[in-house]
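Visitor: Quick one, structure for this:
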Amino acid sequence: MRHRLAKHVGDFFGMPASNKTAYYAGHDIFQLNGKGQIIEIWHIEQIFQLMQQLKPQ
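Guide: Residues are numbered from 1 along each chain as shown. This is a model prediction of the structure:
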C-alpha cells in the first residue's frame, strides 16, 4: 500500500481548488507469469476518501 499526501490546487472531479492538504492511499497489484515477468497490473486509489476530505464544509 502506498500512502500519499496531496494538496488540492486545481479542479478535481468538478471541485474547484481548495488549497487543502489531503491524505489517501492506493494499491498496486501485479500478476506474474511463470518467469516472474509482470503480465498485468491493477492500480486502485481511494478516490472517495480523497474527495470526502476536499469537499467544502
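Visitor: Quickly note the distance from the residue nearest the centre of the chain to Lys7.
Guide: By C-alpha atoms, centre = their mean, the chain has its centre lying nearest to Glu45, at 3.5 Å. Distance of Glu45 to Lys7, computed by C-beta to C-beta, to the nearest Å: 16 Å. Where you see a C-beta, it was placed from the backbone N, CA and C, and this is true even at glycine.
Visitor: Could I get the average pLDDT for the longest strand anywhere in the chain?
Guide: Looking across the chain with DSSP state E, the single longest strand is strand 21-32. Regarding strand 21-32, the rounded mean pLDDT is 93.
Visitor: Pairing partners for that strand, with directions?
Guide: Applying DSSP bridges, strand 21-32 is found paired with strand 2-7 (antiparallel), strand 38-45 (antiparallel).
Visitor: Run through who's touching the longest one.
Guide: Spelled out, it's strand 38-45. By C-beta atoms under 8 Å, 6 or more residues apart in numbering, the list of residues contacting strand 38-45 from outside reads Tyr24, Ala25, Gly26, His27, Asp28, Ile29, Phe30, Gln31, Leu32, Asn33.
Visitor: mind saving the C-alpha coords of the helix or strand following it as CSV?
Guide: Next in sequence after strand 38-45, counting helices and strands by DSSP states H and E, comes helix 47-54. Extracted C-alpha coordinates of helix 47-54, given in CSV (Å, rounded to 0.1, in the frame of the first residue of the first chain):
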residue,chain,number,x,y,z
ILE,A,47,-10.6,8.4,-4.5
PHE,A,48,-13.8,8.6,-2.5
GLN,A,49,-11.7,9.1,0.7
LEU,A,50,-9.8,11.9,-1.0
MET,A,51,-13.0,13.6,-2.2
GLN,A,52,-14.5,13.5,1.2
GLN,A,53,-11.5,15.4,2.6
LEU,A,54,-11.6,18.0,-0.1
